[in-house]
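Asks: Structure of the sequence below:
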Amino acid sequence: MKTSALAIAASLVLAACGGVGGGGSKADLVKWCVDSGDAQADCECMASRLQADLPPELFKTLATGFAAGEDEAAAALESLPEDEQLQAMSAMIEAGMSCTGAIPAEG
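Replies: Predicted coordinates for the structure are as follows:
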């Protein structure tokens, strides 16, 4: 069940911003998101929301994982304690929904 929840959350986030890749910083997240065809404003909003809503170390862990690719993002989420997984998933879903104005389609 835990892995399914992580996969769903990762799918929602990746669908909202097309996925994430690059070097692991907020700027890299924005660049990758824009490079994958999403609006600059949406990408900046999502990256800013995640950075503001998550503790710095949790944001860094997620940004590094997402910047490395989809599999690494899932591994980064799975490596977190359960309470941090829930916090991260909630922040990602909320950022995606509030910044894009849409509910992403499930994988």
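Asks: starting at the chain centroid, how far to the longest helix along the chain?
Replies: Longest helix of the chain, by residue count under DSSP state H: helix 82-100. Put simply, helix 82-100 sits 8 Å off its chain's centre (Cα atoms, centre = their mean, to the nearest Å).
Asks: pLDDT averaged over it - what is it?
Replies: Helix 82-100 shows a mean pLDDT of 90.
Asks: For it, buried residues please.
Replies: 84, 85, 87, 88, 89, 91, 92, 93, 95, 96, 99, 100 (16 or more other Cβ atoms under 10 Å). The way it works is simple: take the backbone N, C-alpha and C, and place the C-beta from them, glycine included.
Asks: repeat for stretch 72-80
Replies: Counting neighbours by 16+ other Cβ under 10 Å, one finds that the buried residues in stretch 72-80 are 72, 73, 74, 76, 77, 80.
Asks: Equivalent analysis for stretch 45-65, please.
Replies: 45-47, 49-51, 53-54, 58-65.
Asks: Pull out the C-alpha coordinates of it and format them as PDB.
Replies: This file holds the C-alpha atoms of stretch 45-65, laid out as PDB (Å, rounded to 0.1, in the frame of the first residue of the first chain):
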ATOM      1  CA  CYS A  45       4.900  28.600  -8.600                       C
ATOM      2  CA  MET A  46       5.200  24.900  -8.000                       C
ATOM      3  CA  ALA A  47       8.900  25.100  -7.100                       C
ATOM      4  CA  SER A  48       8.400  28.000  -4.800                       C
ATOM      5  CA  ARG A  49       5.400  26.400  -3.100                       C
ATOM      6  CA  LEU A  50       7.400  23.200  -2.400                       C
ATOM      7  CA  GLN A  51      10.300  25.100  -1.100                       C
ATOM      8  CA  ALA A  52       8.100  27.200   1.200                       C
ATOM      9  CA  ASP A  53       5.900  24.400   2.400                       C
ATOM     10  CA  LEU A  54       8.600  21.800   3.100                       C
ATOM     11  CA  PRO A  55      11.400  21.800   5.600                       C
ATOM     12  CA  PRO A  56      14.700  22.700   3.900                       C
ATOM     13  CA  GLU A  57      16.200  19.200   4.100                       C
ATOM     14  CA  LEU A  58      13.000  17.500   2.900                       C
ATOM     15  CA  PHE A  59      12.800  20.000  -0.100                       C
ATOM     16  CA  LYS A  60      16.500  19.200  -0.900                       C
ATOM     17  CA  THR A  61      15.900  15.500  -0.800                       C
ATOM     18  CA  LEU A  62      12.900  15.800  -3.100                       C
ATOM     19  CA  ALA A  63      14.600  18.300  -5.500                       C
ATOM     20  CA  THR A  64      17.700  16.100  -5.800                       C
ATOM     21  CA  GLY A  65      15.600  13.000  -6.400                       C
END
